[in-house]
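> okay, predicted coordinates and the sequence, questions at the end:
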Amino acid sequence: MSRIPQPSPRPTVKTTLVPPSRSRAPSPSKPAASVSSPRVRTKSVPKSPSKAIRRPPPVENEPPVPKTPLSIKEAVALKRAEAKKAISSSSSRVGLGNSAGFGDFENLEDADPVTVKKNEETPELGRWSVKETIERARSTGAINLSSRSLPCIPSALFDIHLGITPDPLKSVASEPPISSSTDASSSSGQTGQRAGPAWFEAQDLHVLKVWNNDIVEIQHEISLFGSLKTVDLHQNRIVLLPDTFADLTALTTLDLSHNSLTALPSNIFALPNLTVMNLSHNALSELTFGARFSKSSSRKARNDTFSSGGFFGPVITRASSPLPRLSVLDASHNKLTATTIDHANLPPLITKANFAANPLALGDSNSTPAFIRALSYLEHLKELRCETADIGDDAFPSNLSTSQSRCFPRLRILDMSETRVTMEGLQSALSGLKQDTTYDFTTEDPPEGTLRVSIGKKIVREHWEVEAERRVKNRVSKSVTSTESAGGPSKTDVGQNNADVVKEAWEIDAEQGLLTEGGRRRARAAAAMSAADIAAPPKPSSLIGHGHPSTPASTSQPSPTASLTNPQYYHATTQTLTLPPLSAPTKSHTRSFSLATPFLSPLSSQGKTDFSLPTPTLPLVAISAQSFAQTLKILVLSNRKFDLCVSLPITGEVLLPSLEELVLDGCGFGDQVSVTRQADTGTTTPPRSNDTLLSLLTRVFPSLRTLDLSYNALTSASLQQDVLSSLILADNSNSRKGLRHLRLRGNRINELDAFQGIADLFKGNRSVPDWKLEELDLRDNEISKLPAELGLLPLDIFLVDGNLFRIPQRRVWEREGTRGLLSWLRGRLE
């Protein structure tokens, strides 16, 4: 191989990028480089790509690059820049230029913050202009021109929507312009497009909102919008409405509040579909509901259908009675009196009436009782408000509720605050009402069947404040009663007052000396000895620790069943039996109890009635022997863990036929439960057998509606489909009413196959007659999967928090509740 250096070729970069020179000749001014010239070794310096690389010439007729669409923020910023540029350019042409001495302002007039340029229009960047709003309403059917300082309804609304020009108004010399510079630019940029919707796409106007303006007068052509359903004209300066305004027979909501109205068109009370009418804060002096119907005219009120605009005009059909569908009437803050209100022709379907701040009693004194009596005849009236009105006790005669069969049959709120009405006058007038009357004013709605009356100075209180005051009053009355009974005889039965006192569990334990473990051992020993003494004849025995002679247990200890009638456990008003909790026996030493007994004092013997309570978790033998067993409705057995068993009598299983609610939360029950069968007075320990808990409860309690098994040890093995079906579904053959509330919170359930099988009953059936369940609580279990078939269950409350499944996510039921969760599960089925 030769070591002689060879001439280096040209760089490959240049040869590859330079186009071939077919028609290009070498320049004569520059001599060609000699190839045979000796090479001089120099340090190579890399050239920049822009100089070293020769780019090809641009291609002719290259298509333009499409513009990327602007976002909303960019479009708004561009509009603002164009508006500022237009303002600056117009001011520079008209003004004095950027002369020195005014800073950023063109002249002294611009520097004045009070002076506003009349010829310069500031664009409203936050909303469309009036013209564009009117044009867009052709597609939507609703228009909102509120808070624009309009002197009247724009004539362009009639021109664009109806193609007519309304007659000029006397109160408006000239209407302000309704278009802006942005409208002109947008219209010039869309010359090839249609200005509005096609005739088949346009909609009739049904919503008109022109509130918070300076409107004094309404065009009479407003009646040509025959499809209007909602008209909002509040906070204007309207003095009088045209007579044609009553031709809007499709109106359902009319708001004319905060105006200067002194009278209304007579035909406005013949609107057939009006449901909400707000006339508050005006200067109305009369409400002539039946004036139009009493006048004799050529057209009869019963056949009032005619055309008001020629052959092609709208057909107007008026009502044959005053406002037949009106439900809400607000006529507060006017100049109405009971004489000027046509109470003989009140709309029959009114549910809410407000006549606050009106001089109702002004004029004839006999008109106010007649007005209140006419309101009492309204069968659908629920709220009547007359606060700060001129009205007194003479408006409520003492025979108001007794002279007629139905007086305020559905009234729930009667507000007479800050008036001359007194509580004594209302109590005598409303004494014959079927509703329960309360005089506590709160922010919450009263419950069904309760009438809330407000009198005097209105002091708004929360519901918890009213409840706290009621409890304080009850405690004070009970303390006074107990003091009187201790000092001497009292008119109130002492036993009844003692029955109303409800003590806490720790107070009962403190009175009985059960706060310590030694006291509890002594109580169990005394209970065992009393049970043995009842069965056997009394024998002399020596008591350890004292040396006092023994007394027969029968004279100092009552029977175990007699203690259940103690008012501390049984509440006769609600028919509820609540047994105190019993903790599980401790395993500290081998002895289960001590034989040492306390000193037998009268106090200790009196407290032993509570020691003789039955120890089984569900002592049906002791409960069924009580006098209230056939009527008991609620049985609460919470946290009874001392003896986990169910005691049943030898014969019969349906012991509590009227029981509707059973609470067994925190007892530690498993799938199987120990069952003992014994007589009412048994001396020997009965044999025990095991039974399924849910099956046993189904047989023993046929009328059960609420079952609470929260915080036990139930597993999915106990939730068999046949067991759940017999427990939940109603069965007329077995006199079962069906379960409404099932609470299984805090157990060990990991599968819901049984509920999935029950949900199959609803496939193809919208309702199952035997299904009564409304609440299902499965919180804090070990459920790993939520079957989609559960979405078919018609539940009102379905709680699944605190389980192991990840789908669906928590936000499904946290945002939309039970309905959202069931809807999501049904969507998984589809």
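Yep, it's here.

> going by residue numbers, what spans are strands in the stretch 201-350 of the chain?
Assigned by DSSP state E, counting those that start in this stretch, the strands in the stretch 201-350 of the chain fall at 207-209, 230-232, 253-255, 276-278, 305-307, 315-317, 328-330.

> what packs against the fourth one?
Under the contact criterion of 3 or more CB pairs under 8 Å, 6 or more residues apart in numbering; DSSP states H and E, the helices and strands touching strand 276-278 comprise strand 253-255, strand 328-330. Using the backbone N, CA and C atoms, a C-beta is placed for each residue, glycine as well.

> who touches stretch 416-432?
386-393, 395-398, 400-402, 407-408, 414, 437, 439, 441, 451, 453-458 (CB atoms under 8 Å, 6 or more residues apart in numbering).

> please tabulate the strands of the stretch 201-350 of the chain in CSV, including the columns distance to Leu362, mean neighbour count and mean pLDDT.
Output for the strands of the stretch 201-350 of the chain, formatted as CSV (distance: least, CB to CB, whole Å; neighbours: other CB atoms under 10 Å; pLDDT from 0 to 100):
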stretch, distance to Leu362, mean neighbour count, mean pLDDT
strand 207-209, 35, 18, 96
strand 230-232, 31, 19, 96
strand 253-255, 27, 20, 96
strand 276-278, 23, 21, 96
strand 305-307, 39, 11, 53
strand 315-317, 36, 15, 81
strand 328-330, 20, 20, 96
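
> send me stretch 796-814 as PDB with only the CA atoms.
The C-alpha coordinates for stretch 796-814 follow below in PDB (Å, rounded to 0.1, in the frame of the first residue of the first chain):
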ATOM      1  CA  ASP A 796     -83.600   4.100  49.700                       C
ATOM      2  CA  ILE A 797     -80.500   3.700  51.800                       C
ATOM      3  CA  PHE A 798     -77.600   1.500  50.800                       C
ATOM      4  CA  LEU A 799     -74.400   1.900  52.900                       C
ATOM      5  CA  VAL A 800     -71.100   0.200  51.800                       C
ATOM      6  CA  ASP A 801     -68.300   2.300  53.400                       C
ATOM      7  CA  GLY A 802     -65.300   0.600  55.000                       C
ATOM      8  CA  ASN A 803     -65.100  -2.500  52.800                       C
ATOM      9  CA  LEU A 804     -62.300  -4.000  50.700                       C
ATOM     10  CA  PHE A 805     -63.600  -3.500  47.200                       C
ATOM     11  CA  ARG A 806     -62.000  -0.900  45.000                       C
ATOM     12  CA  ILE A 807     -64.700  -0.700  42.300                       C
ATOM     13  CA  PRO A 808     -66.800   1.400  42.400                       C
ATOM     14  CA  GLN A 809     -64.800   4.300  43.900                       C
ATOM     15  CA  ARG A 810     -65.900   6.200  46.900                       C
ATOM     16  CA  ARG A 811     -66.900   9.300  44.900                       C
ATOM     17  CA  VAL A 812     -69.700   7.400  43.200                       C
ATOM     18  CA  TRP A 813     -71.800   7.300  46.400                       C
ATOM     19  CA  GLU A 814     -70.300  10.300  48.100                       C
END
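
> now do the contacts for Ala198.
So Ala198 contacts nothing (CB under 8 Å, 6+ apart).

> low-confidence bits of the stretch 251-400 of the chain, can you list those?
For the stretch 251-400 of the chain, the stretches with pLDDT under 70 are 295-314.

> how about a cut-off of 80?
Applying pLDDT under 80 to the stretch 251-400 of the chain flags residues 294-315, 364-365.

> around Gln435, how many other residues sit close by?
17 (other CB atoms under 10 Å).

> okay, it: pLDDT?
Per-residue pLDDT puts Gln435 at 88.

> without its sequence neighbours, what residue ends up closest to it?
Leu451 (4.2 Å; CB to CB, 6 or more residues apart in numbering).

> and Phe441, by the same measure?
Using CB to CB, 6+ apart, the nearest residue to Phe441 is Ser454, at 4.8 Å.

> which helices and strands sit right next to the helix or strand hosting that neighbour?
Assigned by DSSP states H and E, Ser454 belongs to strand 450-456. Here strand 450-456 touches strand 413-417, helix 423-429, strand 436-438, going by 3+ CB pairs under 8 Å, 6+ apart.

> strand partners (parallel or antiparallel) of that strand?
Strand pairing for strand 450-456, using DSSP bridges, gives strand 413-417 (parallel), strand 436-438 (parallel).

> check which residues of it are buried.
Residues Leu451, Arg452, Val453, Ser454, Ile455 are the ones in strand 450-456 that count as buried (16 or more other CB atoms under 10 Å).

> swap in stretch 711-730?
711-712, 714, 716, 718-720, 723-729.

> what residues are up against the spatially closest residue to Ser627 that is not a sequence neighbour?
In space, and not counting its chain neighbours, Ser627 is closest to Thr565: 7.4 Å by CB to CB, 6+ apart. Counting by CB under 8 Å, 6+ apart, Thr565 makes contact with Gln626, Ser627, Phe628.

> now the phi/psi pair for the first one, please.
Same thing as Gln626. Backbone geometry at Gln626, expressed as degrees, to the nearest 10, gives phi -80, psi 160.

> thought it was touching Leu564?
Yes: contact criterion CB atoms under 8 Å: Gln626 and Leu564 qualify, at 5.4 Å.

> sorry, back to before: what bridges to the residue nearest to Gln435?
Beta-bridge partners of Leu451, counted by DSSP bridges, are Thr437.

> Thr244 contacts Gly226, doesn't it?
No: counting by CB under 8 Å, Thr244 stays clear of Gly226, with 11.1 Å between them.

> thinking again about what came up before, redo the strands of the stretch 201-350 of the chain as a markdown table? Include distance to Val421.
Formatted as a markdown table, those follow (distance: least, CB to CB, whole Å):
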| stretch | distance to Val421 |
| --- | --- |
| strand 207-209 | 38 |
| strand 230-232 | 34 |
| strand 253-255 | 29 |
| strand 276-278 | 25 |
| strand 305-307 | 45 |
| strand 315-317 | 42 |
| strand 328-330 | 20 |
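
> looking at these, which is closest to Arg806?
Proximity to Arg806 (CB to CB) singles out strand 207-209 among those, at 45.5 Å.

> before we move on, back to that, buried ones among the contacts of stretch 416-432?
386-393, 395-397, 400-401, 407-408, 414, 441, 451, 453-455.

> packing partners for the helix or strand where Lys79 lies?
Element membership for Lys79 (DSSP H and E) is helix 72-94. In terms of contacts (3+ CB pairs under 8 Å, 6+ apart), helix 72-94 is packed against helix 181-189.

> what about 7 Å?
Using 3 or more CB pairs under 7 Å, 6 or more residues apart in numbering; DSSP states H and E as the contact test, no helix or strand touches helix 72-94.

> and which of the contacts of Thr565 is nearest to Thr574?
For the contacts of Thr565, the nearest to Thr574 is Phe628 (11.5 Å; CB to CB).

> dump the residue contacts of that closest one.
Tyr570, Gln575 (CB atoms under 7 Å, 6 or more residues apart in numbering).

> swap in Thr262?
Contacts of Thr262 by CB under 7 Å, 6+ apart are Val239, Ala283, Leu284, Ser285.

> show me how to select, in PyMOL, the buried members of the residues you listed.
Typed into PyMOL, the next command selects the buried ones out of these (criterion: 16+ other CB under 10 Å):
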select buried, resi 284
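
> out of the contacts of Thr262, who's nearest Pro614?
Leu284 (73.2 Å).

> I'd like the distance between the residue nearest to the closest one when sequence neighbours are not counted and Ile238.
Nearest in space to Leu284, with sequence neighbours left out and distances taken as CB to CB, 6+ apart, is Asn334 at 4.4 Å. From Asn334 across to Ile238, the span is 14 Å (CB to CB, to the nearest Å).

> those two: which has the busier surroundings?
Shown here are Asn334 and Ile238; by other CB under 10 Å, Asn334 has more neighbours (24 against 18).
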